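> Whatever this is, show me its structure:
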Amino acid sequence: MLFLLLPLLAVLPGGENADGFKEPVSFRVIQISSFYNHSWERNLGSGWLGDLQTHTWGKNIGTIIFLWPWSRGTFSDEEWMELDSLFRIHFIRFSEAVHRYTSESVFEYPFEMQITAGCEVYSGKLSGSFFRVAYQGSDFISFQNKSCLPSPLAGNAAKRFCKGFYQYQLDKEVIHHLLSDTCPRFLLGLLDAGKAHLQRQVKPEAWLSRGPSPGPGHLLLVCHVSGFYPKPVWVRWMRGEQEQPGTQRGDILPNADGTWYLQATLEVAAGEAANLSCWVKHSSLEGQDIVLYWEHHISMGLIILAVIVPLLLLIVCLALWFRKRCFH
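Below you'll find the predicted structure:
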């Protein structure tokens, strides 16, 4: 019943179609099942719209949890109740099947299996689908064109699993229907329901800082960019109009509110930091790039230092004066 995952597939913007969404649009459902022995296992399930998680499952992979108001797409409550029931059946039967194959020495405790299933649309039509199963993090089997394909590197275990899979699970025509019909139908409905959220534009904030010293006589300049949506962003260290080849971009990381964070670093000799700037380009800025100059960062630091040092001296002087008065 692995294929009962497929009705829950949807999409995420990626170029533009008639509705203003970027292409291709795709979604993946991930299941991670850890089997410790014949009576102890743990299942984790989630649905991902690109990098945005939209669904998860309860403690025992029972009830589907919708993480956004639009995560239901355009499916009715009755359709979701049916899907919820199918998911419960899937996890029970999948567990039984895996334990059965373990008793037949196909698998050996403890082990982990990962399932990734999804489909994508282009111009409102199904452009592809995928369903892959991994064992211990390595390719095990996949399903294409109504066929179960064992991975060439998985050996006889994958062949045995494929051979027995259709015997006990949904037949090929039902699997094909779920991939080619149910999946894209829900997928397009989710796009429509989440349009306002997925097409929103949130402007980034940017600031500069100095990172840990990379060595004597060198500086690590850090440009922070945070709070932007959608994800694509251009951040570079520049000298005038020239991009600095030493710019290092970190990973784009998620913020708790669904926006993104990125930092770009540049290592330079201490005397070469002058005239450097960090440039940020993002669709929400509408061509009005953010440009931060390192000299201004230094100047601000000097201003803060000029305020704090006299203030500290004043506090020390007042403390000494009060102490002197108290002793007299």
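
> mind checking the SS state of residue 292?
Following DSSP: H, G, I helix; E, B strand; the rest coil, the label given to residue 292 is strand.

> For it, name its beta-bridge partners.
Bridge pairing for residue 292 (DSSP bridges) gives the partners residue 278.

> what are the ranges of the helices in the stretch 151-300 of the chain?
Using DSSP state H, counting those that start in this stretch, the helices found in the stretch 151-300 of the chain span residues 155-168, 172-177, 183-193, 195-198, 294-327.

> just checking, residue 275 touches residue 239?
Yes - proximity of residue 275 to residue 239 meets the contact threshold set by Cβ atoms under 8 Å, at 5.5 Å. Any C-beta I mention is one placed from the backbone N, CA and C, and that applies to glycine too.

> quick one, phi/psi of residue 134?
phi -120, psi 150 (degrees, to the nearest 10).

> just for the protein, where's the confidence low?
1-22, 58-62, 165-172, 296-312, 314, 316-317, 319-328 (pLDDT under 70).

> so what are the domain limits for it?
Per the record, the chain has its domains at 25-199, 205-297, by the TED database.

> For residue 318, which of the ones you listed is the nearest?
With Cβ to Cβ, the closest approach to residue 318 among those belongs to domain 205-297: 32.0 Å.

> and the helix or strand in which residue 93 is found, what other elements does it pack with?
Under the criterion DSSP states H and E, the helix or strand holding residue 93 is helix 77-103. In terms of contacts (3 or more Cβ pairs under 8 Å, 6 or more residues apart in numbering; DSSP states H and E), helix 77-103 is packed against strand 25-37, strand 40-49, strand 64-66, helix 155-168.

> For the ones you listed, give me JSON lines that also has distance to residue 267.
Converted to JSON lines, these look like this (distance: least, Cβ to Cβ, whole Å):
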{"stretch": "strand 25-37", "distance to residue 267": "37"}
{"stretch": "strand 40-49", "distance to residue 267": "35"}
{"stretch": "strand 64-66", "distance to residue 267": "44"}
{"stretch": "helix 155-168", "distance to residue 267": "47"}
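
> Identify whichever of the ones you listed lies nearest to residue 96.
Comparing the helices and strands packed on helix 77-103 by Cβ to Cβ, helix 155-168 comes nearest, at 8.9 Å.

> returning to what we had before: quick one: work out the angle between the helix holding residue 93 and strand 40-49.
Using axes from the mean of the first three to the mean of the last three Cα atoms, to 10 degrees, the interaxial angle of helix 77-103 with respect to strand 40-49 works out to 140 degrees.

> Not counting sequence-adjacent ones, nearest residue to residue 202?
Nearest residue to residue 202 in three dimensions, chain neighbours excluded: residue 229, at 4.1 Å (Cβ to Cβ, 6 or more residues apart in numbering).

> burial of the one you found, as a residue count?
Other residues within reach of residue 229 by the criterion other Cβ atoms under 10 Å amount to 23.

> Please list all residues in contact with it.
Under the criterion of Cβ atoms under 8 Å, 6 or more residues apart in numbering, the contact list for residue 229 reads 200, 201, 202, 258, 259, 260, 284.

> again, but for residue 235
Contact analysis of residue 235 by Cβ under 8 Å, 6+ apart lists 223, 225, 249, 262, 264, 278, 279, 280, 281.

> what secondary structure does the residue lying closest to residue 179 once chain neighbours are set aside sit in?
Spatial nearest neighbour of residue 179, excluding adjacent residues (Cβ to Cβ, 6+ apart): residue 129 at 4.5 Å. When classified by three-state DSSP, residue 129 comes out as strand.

> excluding its backbone neighbours, what's nearest the residue nearest to the spatial centre of the chain?
Note on the chain: the residue nearest the mean C-alpha position is residue 51, at 3.2 Å, using Cα atoms, centre = their mean. With Cβ to Cβ, 6+ apart as the measure, residue 231 is the residue that lies nearest to residue 51, at 6.4 Å, once sequence neighbours are left out.
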